[in-house]
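Q: Build the 3D model from these lines:
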Amino acid sequence: MPEDFSISLATTREEETSSSGPVTERRQSMRGFEDTYVDIIDYIVRITHRIWEERDVGYIYDTYSSTSRVFDDYGLQHGSEKIVADTVHTINAFPDIELHADEIIWAGDDEVGFHTSHRTLITGHNTGYSRYGPPTGREISCWCIANCVSLANEIFDEWVIYDTASLLQQLGHDLPEMARELGNQADVDGPNDLRLGEPERLPGQGKPPYLSLADTGRFDVEDFIRVTYHNIWNRRMLGTVRDAYAPELGFRGSTNRVFQGRGEYQAFILSMLAMFPDLALQVDDVYWMGNDEEGYLSSVRWSFVGTHRGMGVYGPPTGRQISMWGISQHKIKDGQILEELMLFNEFAVMQQIYRD
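A: This next block holds a predicted model:
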């Protein structure tokens, strides 16, 4: 994990602002990557710009493995050809689309692969046809996080989460009605079947364990994240929020959720647990950059399963079993989370709940 922010989006921007132009000499070993890229931040930012803003969609063939795997709202997609088709579809729907890099958290190297968590703000106008219908002419602005693994100039694994529910709201669609329509069209008997067995949150008839931070004499980011997530979501110890999150917490989440402070964040967690009383969460991946003095940035990919048995924003209980996954990014200082951006596949959850 990077122990400082010498290679970061903020540093890159500072250097470009204070110097006569972008850095052109390599400052990180990038075996197998094109010579033009100086580090992994530069690679992610510039290939994104070239593909989306410069419309060189075919550059995907050079920067994604032909056998790449992409996990999104619609399940698992295989191969670069599908990525090309989806990119063309999106640019056609939003011809003036722009992707504004907001943060990139990275780890790894050119031997085992680079892991990057790329947060972007997507803007544009819907003047073309999309899978959601004819052009509306409306302007959109929504968040996206793409977690990629790349090696030798190619991305071979990607988990990308869009704030699709917010996008559809901005386009003027009725979320429950569209979720029902598209949910009924989904191939629930195919490889993306989301039907699940009972969540296994408890060990037999026992109680979920309470985890404590390891006593190592130093701050361990991964241990902190895994213990915090488990105790809050699986053990239901919401008092953990007081220890793990700063009083001035700033939170932004899917479908335009914005919270300030620990109380509002606790209320959000309670609402999810009330709707899915058997909710079982697991942390699937976590990496970070930083140090105790400057603080840390972390990326956490997580998933949960549960049964819709309680009242909430998704309406009366349906008894439907759902799967949800998401990516959260954190800013951590002095052992507490100061900022969190959490995106999850909320529209896909709605499809699972509202389909006939």
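Q: Give me the three-state assignment for the closest residue to residue 212 other than its chain neighbours.
A: Nearest non-adjacent residue to residue 212, counting by CB to CB, 6 or more residues apart in numbering: residue 227, 7.0 Å away. Bear in mind the C-beta positions are built from the backbone N, C-alpha and C, glycine included. Using DSSP: H, G, I helix; E, B strand; the rest coil, the structure places residue 227 in helix.
Q: Isn't residue 227 up against residue 220?
A: No: between residue 227 and residue 220 there is no contact under CB atoms under 8 Å: 9.3 Å.
Q: shared neighbours of these two, anything?
A: Taking CB atoms under 8 Å, 6 or more residues apart in numbering as the contact rule, residue 227 and residue 220 both touch residue 213.
Q: The two: which has the busier surroundings?
A: residue 227 (20 against 13; other CB atoms under 10 Å).
Q: Against residue 237, how distant is that one?
A: As for residue 227, its distance to residue 237 is 10 Å (criterion: CB to CB, to the nearest Å).
Q: avg pLDDT for whichever strand or helix holds residue 147?
A: If you go by DSSP states H and E, residue 147 is part of strand 139-151. For strand 139-151, mean pLDDT rounds to 97.
Q: ditto for stretch 243-250
A: Regarding stretch 243-250, the rounded mean pLDDT is 97.
Q: And stretch 104-123, by the same measure?
A: Mean predicted confidence for stretch 104-123 is 97.
Q: mind showing which ranges of the chain have poor pLDDT?
A: Residue ranges of the chain with pLDDT under 70: 19-20, 187-205.
Q: which of the residues in stretch 129-149 are buried?
A: 130, 132, 136, 140, 142-149 (16 or more other CB atoms under 10 Å).
Q: got it, and stretch 86-101?
A: The neighbour-count check on stretch 86-101 (16+ other CB under 10 Å) flags 86-87, 90-91, 93-94, 97, 99, 101 as buried.
Q: Going by distance to residue 52, which of those residues wins?
A: Residue 52 lies nearest to residue 99 out of the buried residues of stretch 86-101, by CB to CB, at 5.1 Å.
Q: what helix or strand does that closest one sit in?
A: Counting by DSSP H and E, residue 99 is part of strand 98-109.
Q: what does that strand contact?
A: By CB under 8 Å, 6+ apart, strand 98-109 touches 1-2, 7-9, 29, 40-41, 44-45, 48-49, 52-53, 114-124, 144, 149, 287-289, 297-299, 329.
Q: For the closest residue to residue 179 other than its chain neighbours, grab the count of nearby residues.
A: Leaving aside its sequence neighbours, residue 179 sits nearest to residue 350 (CB to CB, 6+ apart; 3.6 Å). As a burial measure, residue 350 scores 25 neighbours (other CB under 10 Å).
Q: Which helix or which strand is home to residue 350?
A: Per DSSP H and E: helix 346-354 holds residue 350.
Q: Could you list every helix and strand in contact with that helix?
A: helix 164-170, helix 175-185, strand 321-333 (3 or more CB pairs under 8 Å, 6 or more residues apart in numbering; DSSP states H and E).
Q: Residue 95 falls within a helix, correct?
A: No: assigned with three-state DSSP, residue 95 falls outside any helix and is coil.
Q: Hmm, it is touching residue 127, no?
A: Yes: with contact defined as CB under 8 Å, residue 95 reaches residue 127; the gap is 5.9 Å.
Q: for the residue nearest to residue 179, what are its contacts?
A: Shown in contact with residue 350 (CB under 8 Å, 6+ apart): 165, 175-176, 179, 183, 314.
Q: Selection in PyMOL covering whichever of those are buried, please.
A: To isolate the buried ones among the contacts of residue 350 in PyMOL, judged by 16+ other CB under 10 Å, type:
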select buried, resi 165+175+179+183+314
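Q: And the contacts of residue 350, which is closest to residue 342?
A: residue 165 (13.3 Å).
Q: neighbours of residue 256, just the number please.
A: Using other CB under 10 Å, residue 256 has 13 other residues around it.
Q: Let me know how buried the closest residue to it other than its chain neighbours is, in neighbour terms.
A: What sits nearest to residue 256 in space, not counting adjacent residues and going by CB to CB, 6+ apart, is residue 166, at 5.4 Å. Neighbour count for residue 166, taken as other CB under 10 Å: 22.
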